[in-house]
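Undergrad: How does the following fold in three dimensions:
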Amino acid sequence: MRLHEYAMVLGLSSADILDACRAIGLKKTSSSSLTREEMSSIDAHLQAHPPAKKVQPKKRATVPKGRPSAEKSVRKAAPKAKKRAEKPAVARTATVKKETRVVPPAPPAKLPLRKQALPAAEKPKEKVQAHAEPQPVSPPAVHPSVPKPVQPSQAAHPAAPSARTQPQAPPQRITPAVPKVPPRPPVAPAQPAPRPVVRPATMPPVVRREQTGPSVAVMPPASAAAKPAQPEVKRIPEAPSVAVQAPVTAPVRKEIVLTGNETVGELAAKLDVSAVTLIKSLMSMKILLGITQRVPPEVARKLIVGMGHTLKMPEQAIAGQAAAPTAAVAREKPAGNLRARAPVVTVMGHVDHGKTTILDAIRKTRIAQKEYGQITQKIGAYRVLLPAGAIVFLDTPGHEAFTEMRARGARVTDIVVLVVAADEGFRPQTVEAVNHARSAGVPIIVAINKIDKPNANVEMVKKQLAEHGLLPEDWGGQTVCVPVSGLTGEGLEHLLEMILLVAELEELRADPDRPAEGAVIESHLHRARGPVLTVLVQNGTLRVGDPFIAGDTWGKVRALLDDSGERLAEAGPSTPVEVLGAAGVASAGASFRVVASEREARESAERAEKSQGESSVSRKVSLDRLRTDISQGTVRELRIILKADFSGSLEAIRNAIGKIPATEVVITFMHTGIGPVTESDVLLAAVSNAVVIGFNVTADAGVMELARREGVEVKTYHLIYDLVDEIRMAVEGLLEPVEKEVTLGQALVKKVFALSRGTVAGCLVVEGKMVRNARARVIREGKKIAEGVVSGLKRFKDSVREVAVNTECGVELSGFSDFREGDVIQAIEIVRTTRTLEKTPR
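TA: Numbering: from 1, shown residues only. Predicted coordinates for the structure are as follows:
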């Protein structure tokens, strides 16, 4: 608060306040600001040393800015000799000039004492108002004339501050106090009253407003009109109002929509925290996850609730069925919006058990013959139209490296078709597929394939199913088992009927009228089309032109393609489509949803992208040099730049390499990406000591020439088996070899010869052979007394390279000459063997 404003609040002149400031050692001007501590010090000084003179009218006449014309007229009307006028505004002295005779002149001299006692104090005001009522009764002749000029003056005061200036508020409080001060000076309680009032005058003016409320009810309309003339009171609480806004910085709680497919980066963006903070929280829960790895739904739920947010997710999804947004829609929207949808069926099983062959027979295609090595290495999504309805099939890889792909397929499915070969039965990936289906909480239909083979044993497979908790229907259980043959087509019609029957029992429904939601099944970088996302629409309808978010990337749907390459205008629930128009390649398994605008999509994707860091770099190396670097001890880290055709393949390769049992070697992925090997990949490998690995991608001639100049090796593979085996060999080259001590032979010392050049031990080789330059040790009475190198080996006078068993020879040992008869000299050799790792099962 400014000094002159504070003076008006106290009803004093700025000069009085300046005198008080100088008295307490404060250097201030009328426009200086005062702190609360300074105002308290000034109040204490004014109470102890009230101003003796009141030169207020002159000062107060110049301070108000609201009505300079009124003051000028007042000055002209007021006599010049009367400079020590009363504290109220000059306008009042001018208007009540004739009636001033009624008011005794002596009391105004004591008015400053009442002012420093703060007229803002409400209790004195109420008492003054009590005096206002007896005054009209005692002098009936004079009193009617007095209120008339007083009321206009009071009305004038509120008008001025409300229109222009707030400083006129204090005169309003002073005016009614002038005629009522004379009877109050001797009252003792007036002095204790100022002390509690001093602080409210500087800090909480709202208290005054609350206490003036009852006074307004007691006062006549004239005094009530004076009450609103307190605009200055609103200026005082500015500091408290700022303090009230400070605590608003508390963390905002919000509803988090959880799909169950979020990665660490995506969940961090939803929680508005950094990925590092979220990873630390996971580590405190003893869970180690990377920024691009999926957070289990139950863990995500604990994190959301632990941070004070509200979880918005159906219980089925929390339990692991993250691909059931339709159930969430049924709870969020009326049942009238839900319509039947096609079932999503994931085909799972061990590698080479005929999953893709069964799909080819159903779709009447030959996809299996087009796959390299005739094994599936990515998820394929297909929509099959049948007379009884449509079915969406997801074909998952069976190789053990594609565990995450199978888990992802189980999360977005409604029904799992478990393919088991009748000639092999249960295998490791078969058991894993059963566990994935159970964790997703979806029904399982078993297709016993290859029944056309002579060694097929359907009953053996049913027995194994029962051992794993899947009791067949014909054995009294609830598991549907259908014997089929992918080659001949036998049993496929019955399999499709069972799928549609189970889907009907599940009552699968979705709302096609809402914005699309789904999951990214696969993504890759096309040379002509750019980033292409394979998306399964789980709910709503996806249309061309819709802005969307897919993990840490965003875009606007430029085109929609079905599994046969035909363009679509829209894709409803349970429809797999290829989406063109993404800004980048999304991670497989990322959530996909349509948003209101491109701006929202871009901002959400940027938040997720900021939480991801880039890898650092160092120097170059090739796979062939890794085995030689181990001898120098300079390399104990294998750095890889990995490029693949699909994001799911990229994920599978990383998981497979991460399972290589090598604790002494650190495998670091300097960079991973989708698409062909580029020059930037080669340059990064050149400065980071990395090797470039490509999976089902190519490198053009310019890239290969640059790699040759930079000394970077670029290797491409089409089978994940070969890629993992090559990485394993490189890791084996980095392992510390195993040293083993081998005894070459032993010689018994028969006689010691002291020669000028040293001592020579005459020996008889009793075992093996003695070899020159071999390491040797001397054994005496069963204890090793010395070690050295066989520096000299002679047969008679000739130096020889080695001496066979049962042959006499002379032996010289470097660093040792104290031979005695009966000593045994052992020649030894250190053999280093390369360590190998276990082979990965195929």
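
Undergrad: In the protein, what helix or strand scores lowest on average pLDDT?
TA: helix 325-332 (a mean of 34; mean pLDDT, DSSP states H and E).

Undergrad: Now the element after that helix, going C-ward?
TA: strand 339-340 (DSSP states H and E).

Undergrad: partners of that next one, with directions?
TA: strand 509-510 (antiparallel) (DSSP bridges).

Undergrad: mind listing what's buried in the helix or strand following the partner strand?
TA: Per DSSP H and E, the first helix or strand lying C-terminal to strand 509-510 is strand 517-526. Within strand 517-526, the residues that count as buried by 16 or more other Cβ atoms under 10 Å are 517, 518, 519, 520, 521, 522, 523, 524, 525. (Glycine included, C-beta is placed from N, CA and C.)

Undergrad: Just name the closest of those residues to residue 260, please.
TA: residue 519 (9.2 Å; Cβ to Cβ).

Undergrad: For that closest one, name its beta-bridge partners.
TA: What pairs with residue 519, by the bridge criterion (DSSP bridges), is residue 536, residue 591.

Undergrad: can I assume it is in contact with residue 587?
TA: No: applying Cβ atoms under 8 Å as the test, residue 519 and residue 587 come out as separate, 10.9 Å apart.

Undergrad: Pull the most distant pair out of the buried residues of strand 517-526.
TA: 517 and 525, at 24.4 Å, using Cβ to Cβ across the buried residues of strand 517-526.

Undergrad: which stretches of the stretch 701-842 of the chain form strands?
TA: 714-717, 738-755, 758-768, 770-771, 775-780, 783-795, 798-799, 802-803, 808-813, 824-833 (DSSP state E, counting those that start in this stretch).

Undergrad: Now these in CSV, please, with extra columns for mean pLDDT, mean neighbour count and distance to residue 534.
TA: Output for the strands of the stretch 701-842 of the chain, formatted as CSV (pLDDT from 0 to 100; neighbours: other Cβ atoms under 10 Å; distance: least, Cβ to Cβ, whole Å):
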stretch, mean pLDDT, mean neighbour count, distance to residue 534
strand 714-717, 88, 18, 22
strand 738-755, 88, 14, 47
strand 758-768, 90, 18, 68
strand 770-771, 91, 23, 66
strand 775-780, 92, 18, 63
strand 783-795, 90, 15, 67
strand 798-799, 87, 8, 76
strand 802-803, 90, 22, 69
strand 808-813, 91, 21, 73
strand 824-833, 87, 16, 48
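
Undergrad: As a markdown table, the ones you listed with distance to residue 509 would be great.
TA: Putting those into a markdown table (distance: least, Cβ to Cβ, whole Å) gives the following:
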| stretch | distance to residue 509 |
| --- | --- |
| strand 714-717 | 44 |
| strand 738-755 | 63 |
| strand 758-768 | 83 |
| strand 770-771 | 84 |
| strand 775-780 | 80 |
| strand 783-795 | 83 |
| strand 798-799 | 95 |
| strand 802-803 | 87 |
| strand 808-813 | 90 |
| strand 824-833 | 64 |
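
Undergrad: count of neighbours near residue 30?
TA: Number of residues near residue 30 (other Cβ atoms under 10 Å) recorded here: 17.

Undergrad: residue contacts, it?
TA: Shown in contact with residue 30 (Cβ atoms under 8 Å, 6 or more residues apart in numbering): 2, 3, 4, 7, 14, 18.

Undergrad: Can you give me the pLDDT of it?
TA: Note for residue 30: predicted pLDDT of 77.

Undergrad: what helix or strand is it on?
TA: Counting by DSSP H and E, residue 30 is found in no helix or strand.

Undergrad: now swap in residue 432 and tell me
TA: Assigned by DSSP H and E, residue 432 falls in helix 428-440.

Undergrad: Could you chop this protein up by domain?
TA: The chain breaks down by automatic domain parsing into domains covering 3-230, 255-322, 342-507, 517-540+547-610, 623-734, 738-833.

Undergrad: Comparing the ones you listed, which yields the minimum mean pLDDT?
TA: domain 3-230 (a mean of 52).

Undergrad: Just give me the closest of the buried residues of strand 517-526 to residue 497.
TA: The closest of those, once distances to residue 497 are taken by Cβ to Cβ, is residue 521, at 26.1 Å.

Undergrad: need the contact list for the nearest residue to that closest one once chain neighbours are set aside.
TA: Take residue 521 and drop its neighbours on the chain: the residue closest to it by Cβ to Cβ, 6 or more residues apart in numbering is residue 534, 4.5 Å away. Residue 534 makes contact with 379, 381, 520, 521, 522, 523, 576, 577, 578, 579, according to Cβ under 8 Å, 6+ apart.

Undergrad: ok, residue 595 - how many residues close by?
TA: Counted with other Cβ under 10 Å, residue 595 comes out at 17.

Undergrad: how much space between it and residue 753?
TA: Distance, residue 595 to residue 753, by Cβ to Cβ, to the nearest Å: 96 Å.

Undergrad: what ranges do the helices span in the stretch 251-400 of the chain?
TA: Ranges of helices within the stretch 251-400 of the chain are 264-271, 275-284, 297-306, 315-318, 325-332, 355-363, 367-370, based on DSSP state H, counting those that start in this stretch.

Undergrad: that older thread, in what helix or strand does the residue nearest to residue 521 lie?
TA: Going by DSSP H and E, residue 534 is part of strand 530-539.

Undergrad: Tell me the first helix or strand C-terminal of that strand.
TA: Using DSSP H and E, the helix or strand that follows strand 530-539 in sequence is strand 542-543.

Undergrad: my read: residue 593 touches residue 514, true?
TA: No: using Cβ under 8 Å, residue 593 makes no contact with residue 514, being 10.4 Å away.

Undergrad: more crowded one of these two?
TA: A direct count of neighbours by other Cβ under 10 Å for residue 593 and residue 514 places residue 593 higher, at 22 against 17.

Undergrad: Nearest spatial neighbour of that one, chain-adjacent residues omitted?
TA: Counting by Cβ to Cβ, 6+ apart, residue 593 lies nearest to residue 517, which is 4.8 Å off, once chain neighbours are set aside.

Undergrad: thought that neighbour was touching residue 259?
TA: Yes: using Cβ under 8 Å, residue 517 is in contact with residue 259, at 7.5 Å.

Undergrad: the strands in the stretch 451-600 of the chain, which residues?
TA: 480-483, 509-510, 517-526, 530-539, 542-543, 547-550, 553-561, 567-568, 570-571, 575-582, 591-594.

Undergrad: Throw those strands into CSV and include distance to residue 650, thanks.
TA: Rendered in CSV, the data for the strands of the stretch 451-600 of the chain read as follows (distance: least, Cβ to Cβ, whole Å):
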stretch, distance to residue 650
strand 480-483, 35
strand 509-510, 30
strand 517-526, 10
strand 530-539, 14
strand 542-543, 25
strand 547-550, 16
strand 553-561, 15
strand 567-568, 27
strand 570-571, 25
strand 575-582, 16
strand 591-594, 18
